[in-house]
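> Sequence and computational prediction follow.
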Amino acid sequence: MSVFKFRKSFFFAVVVTVVFNGIAQETLQTVVAEKGDGILSLLRKQGVNPYEGYDEFISLNIDNLRDSTHLYEGRVYKIPTVLNTKVETKTKDVTGISYAIFGDKYAEVISQSTRLEGAVYYLVSGHGGPDPGAMTTYRGKAIAEDEYAYDVTLRLAKELLSHGAMVYIIVRDPDDGIRDDRILEIDRDEVVYPDKIIPLNQVARLKQRVEVVNELYRKNKGKYQRLIVTHVDSRSKGQNIDVFFYHHEKSTNGKKLAESIHKTFQAKYKKYQPNRTYEGTFEDRSSLYLVKKTHPAMTFIEIGNITNKKDQRRILDYENRQALAKWISEGVLLDYEKK
């Protein structure tokens, strides 16, 4: 089974026709960013689908953003032209499926496409259960890498499901769901699919995950299958790192998956942070237990260093976690469509 389906819900989606009428960029609707606004929340408040309008918003406002992704309180921002629409009266039925594992706020998954139909993805977030991974403090509160890797993994799962994939979330928490907080509360109640208690011993923990993934791989024999492992790096020196990717040296498909996601990140950095060089890499790391022992073609992703202040901005801001998941999913789509 993939992540648990909670319920189906039916609703009407309004069919819209974009009307440009020669509108110049200067006449775009604008809005002043308020305290606490992020790009996604600002677009939602303006009636724009935040994931469809995200790229255009960045392009319109690139010179008015901090780190190419953050708003400045009190500044004026242009809203994408998706708002300049004439609404027709035609409607169509749309089916949404709810998945309890994502939590009440994000349970609903609306189909964006069937581009990943027939593909199976196993998602493993690092650490969990008795092992929180690297820990540090932020504003006097303890934070742990497993909570942030899990949140990105859930967001990635939702993206992949929305494109028709079958998704297995291997490390899972019964009550956390997708969270928008900067400080994600630490707990120890994660389990391994479907409900296995996570051992205290490190080797036993890794072996448990390998056995679960490989058994599912056998059950799905003949299908297109990929594994994505997500970690938050914890280098002792606390250095700033870009997102980077590992694969097995003998896996052509694993290398292609890692390279596709890596190319997507390169393109995103070039577009949104043109004055900054992206230094993330993809490379062989066959010595890692999960890389070496699992059967599906896979990539192992390090999304940042939780002990580094700059990387913390990438990890603690929920909009950044969403962007990471979105970019990874776009790389996954690129890989699948070039199979």
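Good, I have the coordinates. These numbers come from a predicted model, not from an experiment.
> Okay, domains of this protein per the record?
Domains of the chain are assigned by automatic domain parsing as 20-83, 111-337.
> What segments of the stretch 151-300 of the chain are helices?
Assigned by DSSP state H, counting those that start in this stretch, the helices in the stretch 151-300 of the chain fall at 202-219, 252-272, 289-293.
> And the first one, what does it pack against?
So the one you mean is helix 202-219. Packing partners of helix 202-219 (3 or more C-beta pairs under 8 Å, 6 or more residues apart in numbering; DSSP states H and E): strand 119-125, strand 191-192, helix 289-293. The way it works is simple: take the backbone N, C-alpha and C, and place the C-beta from them, glycine included.
> most tightly surrounded among those?
Mean neighbours per residue, mean count of other C-beta atoms under 10 Å, is largest over the helices and strands packed on helix 202-219 for strand 119-125, with a mean of 25.
> Could you point out the helix or strand that follows the worst-scoring helix or strand of the chain on mean pLDDT?
Using mean pLDDT, DSSP states H and E, strand 5-18 stands out as the lowest-scoring helix or strand of the chain, at a mean of 39. Using DSSP states H and E, the helix or strand that directly follows strand 5-18 along the chain is strand 30-32.
> So what touches that following strand?
42, 45-46, 74-79 (C-beta atoms under 8 Å, 6 or more residues apart in numbering).
> So which residues make contact with the next helix or strand after it?
As assigned by DSSP H and E, the chain's next helix or strand after strand 30-32 is helix 39-45. Residues from elsewhere that reach helix 39-45, judged by C-beta under 8 Å, 6+ apart: 31, 33, 37, 49-51, 53-54, 57-58, 69-71, 77, 79-80, 319, 322.
> what's the nearest residue to Y269 once chain neighbours are set aside in contact with, if anything?
Nearest-residue entry for Y269: Y278, 3.8 Å, with adjacent residues in sequence omitted and distances by C-beta to C-beta, 6 or more residues apart in numbering. Residues near Y278 by C-beta under 8 Å, 6+ apart: 242, 265-266, 269-270.
> most surrounded residue in those residues?
Per-residue neighbour counts (other C-beta atoms under 10 Å) across those peak at F265, which has 22 neighbours.
> gap between that one and M298?
17 Å (C-beta to C-beta, to the nearest Å).
> again with V210
Separation of V210 from M298 (C-beta to C-beta) stands at 11 Å.
> what residues are shared contacts of these two?
Common contact partners of V210 and M298 (C-beta under 8 Å, 6+ apart): L290.
> Of the two, which one has the most company?
The neighbour count for V210 versus M298, taken as other C-beta under 10 Å, is higher for M298 (25 against 17).
> what number of residues lie near the closest residue to that one other than its chain neighbours?
Of all residues not flanking M298 in the chain, L227 sits nearest, at 3.6 Å (C-beta to C-beta, 6+ apart). For L227, the count of nearby residues is 27 (other C-beta under 10 Å).
> One more: the one 3 residues further on?
Residues near T230, counting by other C-beta under 10 Å, number 24.
> could I get the helices of the stretch 151-300 of the chain as JSON lines with mean pLDDT and distance to S98?
JSON lines is the format used below for the helices of the stretch 151-300 of the chain (pLDDT from 0 to 100; distance: least, C-beta to C-beta, whole Å):
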{"stretch": "helix 202-219", "mean pLDDT": "97", "distance to S98": "23"}
{"stretch": "helix 252-272", "mean pLDDT": "91", "distance to S98": "28"}
{"stretch": "helix 289-293", "mean pLDDT": "93", "distance to S98": "30"}
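> quick one, which of those helices is packed in tightest?
Counting by mean count of other C-beta under 10 Å, helix 252-272 has the highest mean neighbour count of the helices of the stretch 151-300 of the chain, with a mean of 19.
> Restricting to C-alpha, output it in CSV.
In CSV, the C-alpha atoms belonging to helix 252-272 read as follows (Å, rounded to 0.1, in the frame of the first residue of the first chain):
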residue,chain,number,x,y,z
THR,A,252,23.1,3.9,-14.3
ASN,A,253,19.5,4.7,-13.3
GLY,A,254,20.5,5.9,-9.9
LYS,A,255,23.0,8.2,-11.4
LYS,A,256,20.4,9.5,-13.9
LEU,A,257,18.0,10.2,-11.1
ALA,A,258,20.6,12.1,-9.1
GLU,A,259,21.8,14.0,-12.1
SER,A,260,18.2,15.0,-13.1
ILE,A,261,17.5,16.5,-9.7
HIS,A,262,20.9,18.1,-9.6
LYS,A,263,20.3,19.8,-13.0
THR,A,264,17.0,21.1,-11.8
PHE,A,265,18.7,22.7,-8.8
GLN,A,266,21.3,24.2,-11.0
ALA,A,267,18.7,25.8,-13.2
LYS,A,268,16.7,27.1,-10.2
TYR,A,269,19.7,28.7,-8.7
LYS,A,270,20.7,30.2,-12.0
LYS,A,271,17.2,31.7,-12.4
TYR,A,272,16.6,32.9,-8.8
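> counting contacts, what elements does that helix pack onto?
helix 50-61, strand 224-233, strand 244-247, strand 282-284, strand 297-305, helix 318-337.
> Could you check the angle that helix makes with helix 318-337?
130 degrees (axes from the mean of the first three to the mean of the last three C-alpha atoms, to 10 degrees).
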